[in-house]
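Undergrad: Using only what follows, build the 3D model:
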Amino acid sequence: MHLVTDVESVEALRLALGRDRASNRLRGKSILSRIVQTWSLLMIIDWNHFTPMTSFSGGILLGLAAAFFILVNGRVLGISGILGGVLRPRPADAGWRLAFLLGVLAAPLVCRLLATVPEARIDAGWITLVVAGVLVGAGTRYGSGCTTGHGVCGLSRLSPRSLVATLTFMGAGVVTVYLARHALA
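TA: All right, here's what the predicted structure looks like:
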C-alpha cells in the first residue's frame, strides 16, 4: 500500500472530511463513515502482492501454536520472553527455549526445501536494519513483551495492557512507514 499525495486526492480528502460546506456527500453520516471514506481515498492496494489467504493461513497457524503452547506449557508464546530466557538461562528452562528458537530458525529453511518461496526483498541497508532491531528490542523490553505475546496471546486473553501495547506497536509502525517512505523520502 502506498499513500497518494497528488492535488486531486488532497482535494477529495478535504471534501470527504466535510470541510467544504458546498459538499453534502458525507454530511449527516457518522464519523466512522467519514474515516472509511478518507482511507479509501488515501490508500491504494498493490493487488499483485495482496495475499489474503496466505496471511489468513499464517494467522490461523500462529493462533493454534499459541493456544497449544499455553495449554501444554502454561506459558504465553512471546518470542522476546523466550529469547530473553535463553540469554538469562535457568537450568530447567534452557532446553525447551533453545528447541523453540531452533524451530523458529529452521522452519523457513524447511519451507524453502519443500516449496517455492518468493525472494525476500528488503529496501534497507545493514545500518538501518541494525538500528531497527535495537529499537524493536528496546521496545519489547519497555513494553514487557513483543507483538506475538501482546498481539496474539494478550489480546486473546482480553488483557487491557496488551491492547494498549498492540495499539502502540501498530501506531508506531504506521508513523514510521509514513515518515520513512513519504515525509523523509
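Undergrad: Report the helix or strand with the lowest average pLDDT across the protein.
TA: strand 2-3 (a mean of 44; mean pLDDT, DSSP states H and E).
Undergrad: Test my guess that Phe169 contacts Gly145.
TA: No - contact criterion Cβ atoms under 8 Å: Phe169 and Gly145 do not qualify, at 10.0 Å. In short, each C-beta sits where N, CA and C put it, glycine included.
Undergrad: of the two, who's got more company?
TA: Gly145 (26 against 19; other Cβ atoms under 10 Å).
Undergrad: now the more buried one, nearest residue through space, not along the chain?
TA: Gly78 (5.1 Å; Cβ to Cβ, 6 or more residues apart in numbering).
Undergrad: what's near enough to touch that neighbour?
TA: Counting by Cβ atoms under 8 Å, 6 or more residues apart in numbering, Gly78 touches Gly145, Cys146, Thr148, Gly149, His150, Cys153.
Undergrad: Which one of those is nearest to Ile127?
TA: Cys146 (22.7 Å; Cβ to Cβ).
Undergrad: Tell me, how many residues neighbour the residue lying closest to the closest one once chain neighbours are set aside?
TA: Spatially, and ignoring its direct neighbours in sequence, Cys146 is nearest to Ser80 (3.9 Å; Cβ to Cβ, 6+ apart). By other Cβ under 10 Å, the residues close to Ser80 number 20.
Undergrad: Quick check: Ser80 touching Gly139?
TA: No - contact between Ser80 and Gly139 fails when scored by Cβ under 8 Å: they sit 9.3 Å apart.
Undergrad: Do you have the helices of this structure handy? List them.
TA: Assigned by DSSP state H, the helices in the chain fall at 7-16, 31-42, 52-73, 79-87, 94-114, 126-142, 147, 155-156, 160-178.
Undergrad: Just put the ones you listed in CSV and tack on mean pLDDT.
TA: CSV is the format used below for those (pLDDT from 0 to 100):
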stretch, mean pLDDT
helix 7-16, 54
helix 31-42, 66
helix 52-73, 88
helix 79-87, 84
helix 94-114, 89
helix 126-142, 86
helix 147, 81
helix 155-156, 84
helix 160-178, 88
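Undergrad: Could you single out the most deeply buried of those helices?
TA: Each of the helices of the chain was scored by mean neighbour count; the highest is helix 147, a mean of 20, by mean count of other Cβ atoms under 10 Å.
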